[in-house]
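Engineer: let me see the structure of the following:
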Amino acid sequence: MNENQTIAAISTAMAPGGIGMIRISGEESMLVADKVFRSVSGRKLVDFKGYTGAYGKVYDEEGEIDECVAFVYRAPHSYTGENVVELCCHGGVYLVKRALRACIDAGARPAEPGEFTKRAFLNGKMGLTQAEAVMDLISAQGSHGAKAALSAREGAIYRKIHGVADQLLAVSAALAAWTDYPDEDIEEVSDENLSRSLTEVKNNLEQILRDYDTGKILREGVETVIIGRPNVGKSTLMNLLSGTQKSIVTQIPGTTRDVVEETIQLGEVILNLADTAGIHQTDDPVEKMGVELANQRLDRSYLILAVFDSSDILTEEDKELIDKVKDRPVIAIINKTDLERKIELDYIRERIPCIVELSAAAGDGIDQLSSAIFDLLALSRSSQDEGIIANERQRLCVVNCLKSVQEALDAWTMGETLDALGVCIDEAIDHLLVLTGERATQAVVDEVFSRFCVGK
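Structural biologist: Predicted coordinates:
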């Protein structure tokens with residue numbers, strides 16, 4: 001890939017819309033744009049100042065394509081840090097494709113996935129974690145996920161990781177001073193202070209990893225299963241949460257025999273939801289397969305919505321389910337509250353603290369369920385403003401850093417030389433700087449931007 005070439009791509013969705021935008025970036029972006037765009041004033045875009053625009057039309061060899069507004073951004077004050085022109089015409093797919101083809105015929109080459117943001121990174125407009133946050137912003141499905149991505153885009157992750165790196169750099173500098181000037185009284189490298197400093201770094205890294213799980217839930221959703229014996233209202237609940245007739249609902253036990261799946265947003269939480277067959281003993285071979293699938297989905301789900309019938313007493317199957325799930329993230333849903341209560345609620349409460357009462361048939365209690373899920377997953381205590389690492393690449397860097405810090409602590413405990421200790425600490429620093437992009441290899445950078453969409 002020639003990073004000096006002028007590139008162009010469609011930067012809006014490939015679907016009909018009010019506006020369609022072609023972005024051009026590179027030293028010759030104005031020259032390329034002037035070959036396809038004619039302003040009503042007759043002025044050329046190469047004569048425009050940055051942050052200015054003009055109304056006109058775009059053309060190709062066949063003639064006029066569409067009306068257009070062109071915006072000019074001059075280096076380094078643009079998204080990529082290069083000269084940029086954005087051509088905005090009507091959002092018909094044919095029109096924007098034809099306009100893009102005209103730009104390519106005029107001398108631009110098609111941009112590769114993520115190339116605009118990659119150029120922004122290479123030109124120092126943003127760090128690697130900020131660049132990764134761009135795609136998280138685009139794919140955010142709720143306000144909390146968007147808030148976490150926005151804070152990362154504004155540098156929250158970079159600042160948090162650099163705070164830990166600075167702690168390690170301080171220890172590394174003290175070790176180097178102690179090695180070079182052994183006769184000096186350097187308090188910072190005393191047994192107590194060194195152990196305390198490394199332990200503090202270790203605790204900070206472990207907290208960052210715990211916060212990652214929260215961030216992953218906010219971005220990708222949580223694997224959730226609806227479980228219970230037959231006819232307690234699992235499928236009715238599934239339909240209520242999904243807002244559509246996903247599961248067949250009848251009074252006949254064993255109607256649901258397969259796992260019915262849907263991704264839904266409940267409040268600010270994304271649930272990768274699965275409705276399952278009723279858990280019960282049966283001789284029917286097909287029902288038995290459904291029960292087996294339900295148990296498999298139960299085993300691999302993180303969040304459990306265990307449904308019970310408020311109008312019926314607890315059965316042995318109910319109690320077996322309670323015992324099976326009571327030590328996992330589970331919400332006991334007491335369904336059919338519109339009917340006379342017969343269920344032994346105290347029995348459930350003693351084993352499952354989180355209980356929500358609702359009527360899936362009447363559509364009551366969903367807000368309470370949403371709040372209970374939010375609290376159970378500890379999302380209400382998370383702070384997206386503080387920066388949450390966003391993906392497996394970043395998590396692996398933190399894991400490797402933590403491993404090196406632990407090796408440093410072990411080396412110090414076993415009386416290893418200061419040089420050995422320093423090697424461990426330098427490795428830990430390197431892992432964090434790979435995370436931020438300051439020491440990332442070209443292969444790492446290419447992998448990050450390969451996951452971007454074309455046009456961004």
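
Engineer: pretty sure residue 68 sits against residue 85.
Structural biologist: No - in this structure, residue 68 is not within contact of residue 85 by Cβ atoms under 8 Å, at 10.7 Å. In this view, the C-beta of every residue, glycine as well, is placed from N, C-alpha and C.

Engineer: more neighbours, the two?
Structural biologist: residue 85 (30 against 26; other Cβ atoms under 10 Å).

Engineer: pretty sure the more buried one belongs to a strand, no?
Structural biologist: Yes - counting by DSSP: H, G, I helix; E, B strand; the rest coil, residue 85 is part of a strand.

Engineer: what is it paired to in the beta sheet?
Structural biologist: residue 24, residue 72 (DSSP bridges).

Engineer: if I look at it, how far off is residue 6?
Structural biologist: Between residue 85 and residue 6 the distance is 10 Å, computed by Cβ to Cβ, to the nearest Å.

Engineer: ok, residues contacting stretch 400-413?
Structural biologist: 164, 168, 191, 194-195, 198-199, 201-202, 205-206, 209, 420-421, 424-425, 427-428, 431-432, 435 (Cβ atoms under 8 Å, 6 or more residues apart in numbering).

Engineer: quick one: end-to-end distance for stretch 68-84.
Structural biologist: 16 Å (Cα to Cα, to the nearest Å).

Engineer: flag every buried residue along that stretch.
Structural biologist: 68-75, 78-84 (16 or more other Cβ atoms under 10 Å).

Engineer: quick check: the two most widely separated of the residues you listed?
Structural biologist: For the buried residues of stretch 68-84, the maximum inter-member distance is 24.5 Å, found between 68 and 81 (Cβ to Cβ).

Engineer: give me the longest helix you can find in the protein.
Structural biologist: Selection of the longest helix in the chain by residue count, based on DSSP state H, yields helix 191-220.

Engineer: quick one: average pLDDT of that one?
Structural biologist: Mean pLDDT, helix 191-220: 81.

Engineer: other SSEs contacting that helix?
Structural biologist: Judged by 3 or more Cβ pairs under 8 Å, 6 or more residues apart in numbering; DSSP states H and E, the packing partners of helix 191-220 are helix 143-153, helix 156-180, strand 269-275, helix 392-413.

Engineer: element containing residue 262?
Structural biologist: If you go by DSSP states H and E, residue 262 is part of strand 260-266.

Engineer: ok, now residue 427?
Structural biologist: helix 418-436.

Engineer: just checking, next helix/strand downstream of that helix?
Structural biologist: Following helix 418-436 in sequence, per DSSP H and E, is helix 442-450.

Engineer: ok, back up a step: closest one to residue 235 out of the buried residues of stretch 68-84, please.
Structural biologist: For the buried residues of stretch 68-84, the nearest to residue 235 is residue 79 (48.0 Å; Cβ to Cβ).

Engineer: contact partners for that closest one?
Structural biologist: So residue 79 contacts 25, 73, 116-117, 120, 125 (Cβ under 8 Å, 6+ apart).

Engineer: confirm that it lies within a helix, as I assumed.
Structural biologist: No - counting by three-state DSSP, one finds residue 79 to be coil, located in no helix.

Engineer: endpoints of stretch 359-374, how far apart?
Structural biologist: Stretch 359-374 has its terminal residues 20 Å apart, counting by Cα to Cα.

Engineer: among the helices and strands packed on helix 191-220, which is nearest residue 263?
Structural biologist: Across the helices and strands packed on helix 191-220, residue 263 has its closest neighbour in strand 269-275 (5.3 Å, Cβ to Cβ).

Engineer: just the CA atoms of stretch 232-243, as PDB, please.
Structural biologist: Listed in PDB are the C-alpha atoms of stretch 232-243, where the atom choice follows Å, rounded to 0.1, in the frame of the first residue of the first chain:
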ATOM      1  CA  VAL A 232     -44.100 -21.300  33.200                       C
ATOM      2  CA  GLY A 233     -44.100 -18.700  30.500                       C
ATOM      3  CA  LYS A 234     -40.600 -18.800  29.000                       C
ATOM      4  CA  SER A 235     -41.800 -18.400  25.400                       C
ATOM      5  CA  THR A 236     -44.200 -15.600  26.400                       C
ATOM      6  CA  LEU A 237     -41.300 -13.800  28.100                       C
ATOM      7  CA  MET A 238     -39.100 -14.300  25.000                       C
ATOM      8  CA  ASN A 239     -41.800 -12.800  22.800                       C
ATOM      9  CA  LEU A 240     -42.300  -9.900  25.100                       C
ATOM     10  CA  LEU A 241     -38.500  -9.100  25.300                       C
ATOM     11  CA  SER A 242     -38.000  -9.500  21.500                       C
ATOM     12  CA  GLY A 243     -41.100  -7.600  20.600                       C
END
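
Engineer: just the buried residues of that stretch, please?
Structural biologist: For stretch 232-243, the neighbour count (16+ other Cβ under 10 Å) marks 232-242 as buried.

Engineer: got it, and stretch 24-41?
Structural biologist: 24-26, 28-34, 36-39.

Engineer: and for stretch 160-177?
Structural biologist: 160-162, 164-165, 167-168, 171-172, 174-175.

Engineer: work out the gap between that stretch and the centre of the chain.
Structural biologist: Between the centre of stretch 160-177 and the centre of its chain there are 29 Å (Cα atoms, centre = their mean, to the nearest Å).

Engineer: same deal with stretch 449-456?
Structural biologist: With Cα atoms, centre = their mean, you get 15 Å for stretch 449-456.

Engineer: list the contacts of stretch 29-47.
Structural biologist: So stretch 29-47 is contacted by 6, 8, 24, 26, 48, 54-60, 68, 70, 72, 82-85, 87, 99, 102-103, 106-108 (Cβ under 8 Å, 6+ apart).

Engineer: which ones among these lie within helices?
Structural biologist: Judged by DSSP H, the contacts of stretch 29-47 include 99, 102-103 as members of helices.
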